[in-house]
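# Test case, fold it:
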Amino acid sequence: MAKYIKPTLDTQFHIDFAWWQKQGQELRIHLQSHACAECRKYCQEQEYQTFDWVDSQTGEVFQLDLLWYHIAAHCGQEPDFIEEHIPLTTAIFRAFIANNNTPLTPVEIHQRIRQKSPTTILGTIGGRKIYNGIRPVVLSV
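Below you'll find the predicted structure:
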């Protein structure tokens, strides 16, 4: 049985792709809502293509949509990708897209999104409710 460990400001988080699969949710559809017009057009013109993605922290292999990398490389690098007026959970999700899902602590997320305090960010993503698949990184032992 998994034991719940309360995250701290030093806990690293990431978008857990397995969560999306387990929930039966379509990450691709959610990603499209974060895409600019150019990327949405790209998405409509391209066939659904996936590739193997290896989580550098856990070693798990996931099938990941090519759209992820297109949005991360293009939209995620635009200066207005993480706007001040978007909801906190959206800003956090976009921070992970822009960072190619490299794990971040609440302090590092705060530095990227320039919204709320690290403590507020931790309170939002560090509880039992999971937003957009954002979860603490669990290292395999």
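# Next secondary structure element downstream of the longest helix seen in the chain?
The single longest helix within the chain, with elements called by DSSP state H, is helix 88-98. Going down the chain from helix 88-98, the next helix or strand is helix 106-113, by DSSP states H and E.
# From the chain's centroid, how far away is that following helix?
In terms of CA atoms, centre = their mean, to the nearest Å, the centre of helix 106-113 is set 13 Å apart from its chain centre.
# Check which residues of the helix or strand just after it are buried.
Proceeding C-terminally, helix 106-113 gives way to helix 118-125 as the next helix or strand, assigned by DSSP H and E. By neighbour count on 16 or more other CB atoms under 10 Å, the buried set for helix 118-125 is Ile121, Leu122, Thr124, Ile125. The C-beta positions use only the backbone N, C-alpha and C, and glycine is treated the same way.
# could these go into a markdown table alongside distance to Arg40 and pLDDT?
Listed next are the buried residues of helix 118-125 as a markdown table, based on distance: CB to CB, whole Å; pLDDT from 0 to 100:
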| residue | distance to Arg40 | pLDDT |
| --- | --- | --- |
| Ile121 | 28 | 97 |
| Leu122 | 32 | 97 |
| Thr124 | 27 | 96 |
| Ile125 | 27 | 97 |
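# Distance to Trp20 added to those residues, as CSV?
Formatted as CSV, the buried residues of helix 118-125 follow (distance: CB to CB, whole Å):
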residue, distance to Trp20
Ile121, 21
Leu122, 22
Thr124, 19
Ile125, 15
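# quick one: low-confidence parts of the protein?
1-4, 46, 56-57, 139-141 (pLDDT under 70).
# for Phe13, what are its contacts?
7, 96, 103-106, 109, 125-126, 134-137 (CB atoms under 8 Å, 6 or more residues apart in numbering).
# same thing but at 7 Å, please
Pro103, Leu104, Ile125, Ile134, Arg135, Pro136, Val137 (CB atoms under 7 Å, 6 or more residues apart in numbering).
# ok, the fourth one to Val107 distance?
For Ile134, the distance to Val107 (CB to CB, to the nearest Å) stands at 15 Å.
# which of those two has more neighbours?
Higher neighbour count among Ile134 and Val107: Ile134, with 22 against 14, using other CB atoms under 10 Å.
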